[in-house]
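# 3D model of this:
(4 chains)
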Protein chains: 2
Amino acid sequence: MPAAKKGDPVNFPSYPHEVLAVVLSVRDGRLCVLLWRRGRSPHRDRWALPGGGVEPTERLREAITGHLAAKVDVRDVAHLEQLATHSAIDRDPRARVLATAYLGLVPSDVRPNLPTDTVWHPVDDLPRTAFDHHYFIDAAVARLRAKLSYTNIGFALAPPEFTIAELRDLFRAALGYELGATNLTRVLTRRHVIDPTDRTSRPGQSGGRPATVYKFVAHELTVTDPFAVLRPPR
Amino acid sequence: MPAAKKGDPVNFPSYPHEVLAVVLSVRDGRLCVLLWRRGRSPHRDRWALPGGGVEPTERLREAITGHLAAKVDVRDVAHLEQLATHSAIDRDPRARVLATAYLGLVPSDVRPNLPTDTVWHPVDDLPRTAFDHHYFIDAAVARLRAKLSYTNIGFALAPPEFTIAELRDLFRAALGYELGATNLTRVLTRRHVIDPTDRTSRPGQSGGRPATVYKFVAHELTVTDPFAVLRPPR
DNA sequence: CAGGTTTTCGCTCGATAGGCGATAACTAGG
DNA sequence: CCTAGTTATCGCCTATCGAGCGAAAACCTG
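A predicted model of the protein is given here:
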């Protein structure tokens, strides 16, 4: 007797499904995305997001984690969240493929060993990308920038410990504009997003006062209730 | 000669894909979700989100729009955005089905003709729901509540014109707590989310000063840059 | 016109973002 | 050891925005 499946059979149309990852990280002071150069048609020589198919035993998150393991050590990805699912009929010229993209973040201090066809690419100077990957990248950057403001998501871009100057450099790279160190410190500490440690950094060659070493309080995403009209009464 | 598809064939595994809609609206002062009672196994007599399969000619958004047309007039849905894609292997006991859910919002003044098995259900008093639909509903409510604070998404819950008292009732229902009319007016007008018209409402039976009639400035989603650390320099 | 009801405005307060200059804490070189 | 240069941090000030409350406005009914 075959496995008893109760009820009417499922008769929804099926489609090949792929998972993609927009892996962002700050490299040399610039926000970069991990791309690999396609060696085959279609879109040969264009740059594509890492990803691939979904095995029957895998959920989407497990699938993208597995695909990323070939490019970046899984432990290097400090944050991973689902972005969006695209369904344009001709987004892949060979067949209709649905694609679910994830946003991944890698701290600036980790340097994964990358395959030869895979490089970090500054998001403000992208090459021609394959398929609709450009849209996914735009969405990922927009979400990162938004969440930097009202969550602690910076923990996934920063080393375990850092000075305010280093953190400001990270934020400048990720956000694309300058910001004051004074205010950055105050806001993030008041929100209990970062905490000072009792250690200080060694000054550079040119001297200067040693900087307090900070760390992120939490390493899971938390939102810092920022809002106004919608605050519950005390 | 068959249609020439360049390059290697796609060999990603395929899965049945369904679209679901969490349609929210304020009914009688409570935030409600549109559910229909399943007549068949599996999960017979449990309450399910409207939705269905995706035709080869449809994108996901078109598919959910089509399915909703059978329940709610399409023009009644003032806002529709993608929520998330779920992929738990046994989320449907019959077969592995991937599901992409959308958040839909219906203004409180429209009363769609609903099929007999379909009813509005208060989100704070849900019945047993089918499959993993409970998670989608939770996610939809959370997103609505968050976006009420930093976007103009209220336009999709409110009638074309309204008084502040009516708007406050809507916000109270959607957010689940009381808020002051004074502040609500100030904040939303300062952000140019709502504007007063030159008309006023007729007082109720018991008298009282006539209320200014307001309207939402835009009927597309716009975010009101609320944030602090990440504000670009002037 | 008096009393009741509802809306709206003005005033005030508190919390937070944001900027700037002064001071602290170091290095290097005389 | 002292001075000049460099970098980090703190204190003080301001502006903006949320939030609450009471007074006044604008309507009704009797």
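
# ok, A:L60 - contacts?
Applying C-beta atoms under 8 Å, 6 or more residues apart in numbering or on different chains, we find A:L60 in contact with A:V19, A:V54, A:Q82, A:T100, A:Y102, B:T85, B:S87, B:L98. Any C-beta I mention is one placed from the backbone N, CA and C, and that applies to glycine too.

# What residue, apart from its backbone neighbours, is nearest the second one spatially?
Pointing back at A:V54 there. Spatially, and ignoring its direct neighbours in sequence, A:V54 is nearest to A:A63 (4.3 Å; C-beta to C-beta, 6 or more residues apart in numbering or on different chains).

# out of the contacts of A:L60, who has the most neighbours?
A:V19 (31 neighbours; other C-beta atoms under 10 Å in any protein chain shown).

# Now look at the lengthiest strand in chain A and say if it contacts chain B.
The residue-count maximum for a strand in chain A (DSSP state E) belongs to strand A:14-27. Yes: under the criterion of C-beta under 8 Å from any C-beta of the partner chain, chain B is reached by strand A:14-27 at A:S14, A:Y15, A:P16, A:H17, A:E18.

# from chain A, which residue is nearest to DNA strand C?
Residue nearest to DNA strand C within chain A: A:G207 (2.5 Å; C-beta to the nearest atom of the strand).

# for that residue, phi and psi?
Backbone geometry at A:G207, expressed as degrees, to the nearest 10, gives phi 80, psi -160.

# and it, how far is that from A:Y214?
Applying C-beta to C-beta, to the nearest Å, the value for A:G207 to A:Y214 is 21 Å.

# Between those two, point out the one with more neighbours.
Neighbour count, other C-beta under 10 Å: between A:G207 and A:Y214, A:Y214 has more, with 22 against 7.

# Direction included, what does the host helix or strand of that one pair against?
Assigned by DSSP states H and E, A:Y214 falls within strand A:212-216. When pairing is defined by DSSP bridges, strand A:212-216 lines up against strand A:162-163 (antiparallel), strand A:194-200 (antiparallel).

# what does the first one contact?
By C-beta under 8 Å, 6+ apart, the list of residues contacting strand A:162-163 from outside reads A:L170, A:S201, A:A211, A:T212, A:V213, A:Y214, A:K215.

# Could you pick out the one among these with the lowest pLDDT?
For the contacts of strand A:162-163, the weakest pLDDT value sits at A:S201, with 91.

# Touching, it and A:Y214? I think so.
No: applying C-beta atoms under 8 Å, one finds A:S201 not in contact with A:Y214, separated by 10.1 Å.

# before we move on, the earlier item: partners of the residue of chain A closest to DNA strand C in the sheet?
Beta bridges link A:G207 to A:G204, judged by DSSP bridges.

# circling back to that earlier point, go through the strands paired with strand A:212-216 and name the closest to DNA strand D.
DNA strand D lies closest, by C-beta to the nearest atom of the strand, to one member of those: strand A:162-163, at 5.6 Å.

# do that closest one and DNA strand D meet at all?
Yes: Strand A:162-163 reaches DNA strand D (C-beta under 7 Å from any atom of the strand) through A:T163.

# what mean pLDDT would you report for that strand?
In the prediction, strand A:162-163 has an average pLDDT of 97.

# Give me the angle between the following helix or strand past it and strand A:14-27.
Next helix or strand after strand A:162-163 toward the C-terminus (DSSP H and E): helix A:164-175. Interaxial angle, helix A:164-175 versus strand A:14-27 (axes from the mean of the first three to the mean of the last three C-alpha atoms, to 10 degrees): 140 degrees.

# which secondary structure elements does the helix or strand that comes right after helix A:164-175 contact?
Moving toward the C-terminus from helix A:164-175, the next helix or strand (DSSP H and E) is helix A:181-190. Here helix A:181-190 touches helix A:164-175, strand A:194-200, going by 3 or more C-beta pairs under 8 Å, 6 or more residues apart in numbering or on different chains; DSSP states H and E.

# Using a markdown table, lay out those together with mean neighbour count.
Putting these into a markdown table (neighbours: other C-beta atoms under 10 Å in any protein chain shown) gives the following:
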| stretch | mean neighbour count |
| --- | --- |
| helix A:164-175 | 19 |
| strand A:194-200 | 12 |
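
# May I see these organised as a markdown table, with distance to B:T197 added?
As requested, the helices and strands packed on helix A:181-190 are exported to a markdown table (distance: least, C-beta to C-beta, whole Å):
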| stretch | distance to B:T197 |
| --- | --- |
| helix A:164-175 | 38 |
| strand A:194-200 | 46 |
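
# Tell me which of those sits nearest to B:V77.
helix A:164-175 (34.5 Å; C-beta to C-beta).

# Next, the angle from the helix or strand of chain A with the lowest mean pLDDT to helix A:164-175.
Taking mean pLDDT, DSSP states H and E as the measure, chain A has helix A:181-190 as its least confident helix or strand, at a mean of 93. If you take the same axes, to 10 degrees, helix A:181-190 sits at 90 degrees to helix A:164-175.

# Which residue ranges of chain A form strands?
Counting by DSSP E, one finds strands in chain A at the ranges A:14-27, A:30-37, A:47-48, A:51-53, A:79-86, A:98-105, A:118-122, A:162-163, A:194-200, A:212-216.

# Name the spans of chain A whose pLDDT lies under the cut-off.
Low-confidence segments of chain A, defined by pLDDT under 70: A:1-8, A:226-234.

# how about 80 then?
Confidence mapping of chain A against pLDDT under 80 gives the ranges A:1-9, A:74, A:203-204, A:225-234.

# pull the longest helix from it.
Taking DSSP state H as the criterion, chain A has its longest helix at helix A:133-150.

# quick one on the thing from earlier: can I get the contacts of A:L60 in JSON lines with distance to B:L68?
Listed next are the contacts of A:L60 as JSON lines, based on distance: C-beta to C-beta, whole Å:
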{"residue": "A:V19", "distance to B:L68": "27"}
{"residue": "A:V54", "distance to B:L68": "27"}
{"residue": "A:Q82", "distance to B:L68": "23"}
{"residue": "A:T100", "distance to B:L68": "22"}
{"residue": "A:Y102", "distance to B:L68": "28"}
{"residue": "B:T85", "distance to B:L68": "18"}
{"residue": "B:S87", "distance to B:L68": "23"}
{"residue": "B:L98", "distance to B:L68": "19"}
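
# nearest to DNA strand D, of these?
Nearest to DNA strand D, judged by C-beta to the nearest atom of the strand, of the contacts of A:L60 is A:Q82 at 29.6 Å.

# who's in contact with the closest one?
Contact partners of A:Q82, counting by C-beta under 8 Å, 6+ apart, are A:L60, A:R61, A:T100, A:A101, A:Y102, A:L103, B:A84, B:T85.

# Check A:A181 too.
Residues counted as contacts of A:A181 (C-beta under 8 Å, 6+ apart) are A:I164, A:A165, A:R168.

# ok, now with 10 Å
A:T163, A:I164, A:A165, A:L167, A:R168, A:F171, A:A211 (C-beta atoms under 10 Å, 6 or more residues apart in numbering or on different chains).

# before we move on, back to that, got the strands paired with strand A:212-216 as TSV, with distance to B:G39 columns?
Formatted as TSV, the strands paired with strand A:212-216 follow (distance: least, C-beta to C-beta, whole Å):
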stretch	distance to B:G39
strand A:162-163	59
strand A:194-200	55
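
# Good, we can wrap up now.
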